[in-house]
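Peer 1: This is the structure alone, sequence omitted:
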């Protein structure tokens, strides 16, 4: 997960997870690149569907865990755990340590399946469809108009793997193939249809994970999680949507950050949109093996001038000394740049700056307008329980009692 620095003068962290570059590859439903998973098992190891397992003995898992030896780096085994009924029979396979598997098994969705349906996770795909996009493979498109703040899709992962770099590739692939083979057939097929970053049949699943996984923190430990639906969403440096990960519900949710028209492609950002052109391109090439040609990137380094202006404006608006150059005009300019650059999903700090600036000159209506927008944008980006707006905290309750009230008003 990439954690972006707080914008000047505000205690706001932009938390970001790497996301998939959607490309389509074909794979047979019951084999992996022509190799039967059963052939990968060592002599004497149990067959996956031998009937020897009593599912109730391993609840909530459907099979006896299949484990590595104890690994010195972890002082633990890594094991495959599969629930074929998780997520209303969608299924889930996890490759992790026994202690973390115990924590995962305690999560609410394992004990109350309605917890997912109550907030429309793994429901029908009524909001979107997929279609080929030039140079991008498959993309996701809106079936009908989507308003800002509306949820587009929400799903549980089908494969979760502990983030590690010490297992030999062949050994890791063996366990990942077992994990995927134990999933229900439709779920397995949806995963195998995803892009393969490596295009090497010997590490097929590692290629799928590398090109399609989101970083999911479970009990403070990094895991890579694959959500086949979300993997179809392509990248843009001015995305019309953003995503949130909820480890407590093992869910990935995508929301519109500005109105999306019927048949318009749905996009998210794979890299920090507030980074420079060169940094964005470097990250996308290194992590996802493609060059971005979106509208912002088509302007190249000249578009960085606006990022520099954002930084300058934020610095000025964060200056509360008697000689500050802050002004309402600068605050409005900051908001306009965010909007013109399509950075609606990351605009809450700009709104906060504007609210503080209006409040500081006694502009009550402007302060109330922008603090409301800041709160809405912050909750959209970080979730409904988000409440920390840094310097803007408390401004919505009573602007005239806030520390910033008329602080810049000439005497």
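Peer 2: Structure's in. What do you need? None of the values given here were measured: they were computed from a predicted structure.

Peer 1: contact partners of stretch 371-389?
Peer 2: 10-12, 14-15, 148-149, 242, 244, 246, 255, 257, 344-349, 351-352, 354-355, 392, 395-396, 399 (C-beta atoms under 8 Å, 6 or more residues apart in numbering). C-beta: built from backbone N, CA, C; applies to glycine.

Peer 1: What average pLDDT does stretch 212-223 get?
Peer 2: Stretch 212-223 comes out with an average pLDDT of 94.

Peer 1: And it, what's buried?
Peer 2: 212-216, 218, 221, 223 (16 or more other C-beta atoms under 10 Å).

Peer 1: coming back round to it: go ahead and build a ChimeraX selection from the buried members of the contacts of stretch 371-389.
Peer 2: Buried residues within these, by 16+ other C-beta under 10 Å, are selected in ChimeraX with:
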select :10,12,14,148,242,244,255,257,344,345,346,347,348,349,351,352,354,355,392,395,396,399
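
Peer 1: one step back: now, the most widely separated pair of the buried residues of stretch 212-223?
Peer 2: Using C-beta to C-beta, those span at most 20.1 Å, a distance reached by 212 and 221.

Peer 1: Buried residues, stretch 168-186. List them.
Peer 2: So stretch 168-186, judged by 16+ other C-beta under 10 Å, has buried residues 172-184.

Peer 1: Would you enumerate the residues in contact with residue 198?
Peer 2: Residue 198 neighbours (C-beta under 8 Å, 6+ apart): 206-207, 210.

Peer 1: So which of those sit within strands?
Peer 2: The strands, defined by DSSP state E, take in nothing from the contacts of residue 198.

Peer 1: want to try CSV for the residues you listed, with neighbour count as columns?
Peer 2: Below are the contacts of residue 198 laid out as CSV (neighbours: other C-beta atoms under 10 Å):
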residue, neighbour count
206, 19
207, 20
210, 20
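
Peer 1: export these to JSON lines and tack on distance to residue 159?
Peer 2: Shown next, in JSON lines, are these (distance: C-beta to C-beta, whole Å):
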{"residue": "206", "distance to residue 159": "11"}
{"residue": "207", "distance to residue 159": "13"}
{"residue": "210", "distance to residue 159": "12"}
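
Peer 1: Residue 365 - how many residues pack around it?
Peer 2: Neighbour count of residue 365, defined by other C-beta atoms under 10 Å: 9.

Peer 1: Name the helix or strand for the nearest residue to it once chain neighbours are set aside, please.
Peer 2: Spatially, and ignoring its direct neighbours in sequence, residue 365 is nearest to residue 358 (7.8 Å; C-beta to C-beta, 6 or more residues apart in numbering). In this assignment (DSSP states H and E), residue 358 forms part of helix 348-360.

Peer 1: after that helix, next one along is what?
Peer 2: helix 364-382.

Peer 1: tell me the angle that following helix makes with helix 348-360.
Peer 2: 160 degrees (axes from the mean of the first three to the mean of the last three C-alpha atoms, to 10 degrees).

Peer 1: what's the distance between helix 364-382 and the middle of its chain?
Peer 2: 23 Å (C-alpha atoms, centre = their mean, to the nearest Å).

Peer 1: Find me the pLDDT at residue 143, would you?
Peer 2: 96.

Peer 1: One more: residue 12?
Peer 2: So residue 12 comes in at 28 (pLDDT).

Peer 1: where's stretch 387-402 relative to the chain centroid, distance-wise?
Peer 2: 28 Å.

Peer 1: now do the same end-to-end measure for it.
Peer 2: 16 Å (C-alpha to C-alpha, to the nearest Å).

Peer 1: Which of the buried residues of stretch 212-223 fall in helices?
Peer 2: Cross-referencing the buried residues of stretch 212-223 against helices under DSSP state H gives residue 212.

Peer 1: from the buried residues of stretch 212-223, which single one is nearest residue 272?
Peer 2: For the buried residues of stretch 212-223, the nearest to residue 272 is residue 215 (14.1 Å; C-beta to C-beta).

Peer 1: So what sits opposite the closest one in the bridge?
Peer 2: Counting by DSSP bridges, residue 215 is bridged to residue 224.

Peer 1: in this structure, which helix or strand is least confident?
Peer 2: strand 14-16 (a mean of 26; mean pLDDT, DSSP states H and E).

Peer 1: which is the next helix or strand following that strand?
Peer 2: strand 66-67.

Peer 1: now for the helix holding residue 358, which elements pack on it?
Peer 2: Here helix 348-360 touches helix 304-317, helix 328-340, helix 364-382, going by 3 or more C-beta pairs under 8 Å, 6 or more residues apart in numbering; DSSP states H and E.

Peer 1: and with 6 Å instead?
Peer 2: helix 328-340, helix 364-382 (3 or more C-beta pairs under 6 Å, 6 or more residues apart in numbering; DSSP states H and E).

Peer 1: burial count for residue 100?
Peer 2: 21.

Peer 1: go on, residue 67?
Peer 2: Neighbours around residue 67, by other C-beta under 10 Å: 16.

Peer 1: Hmm, residue 79 and it touching each other?
Peer 2: Yes. Using C-beta atoms under 6 Å, residue 67 makes contact with residue 79 at a distance of 3.9 Å.
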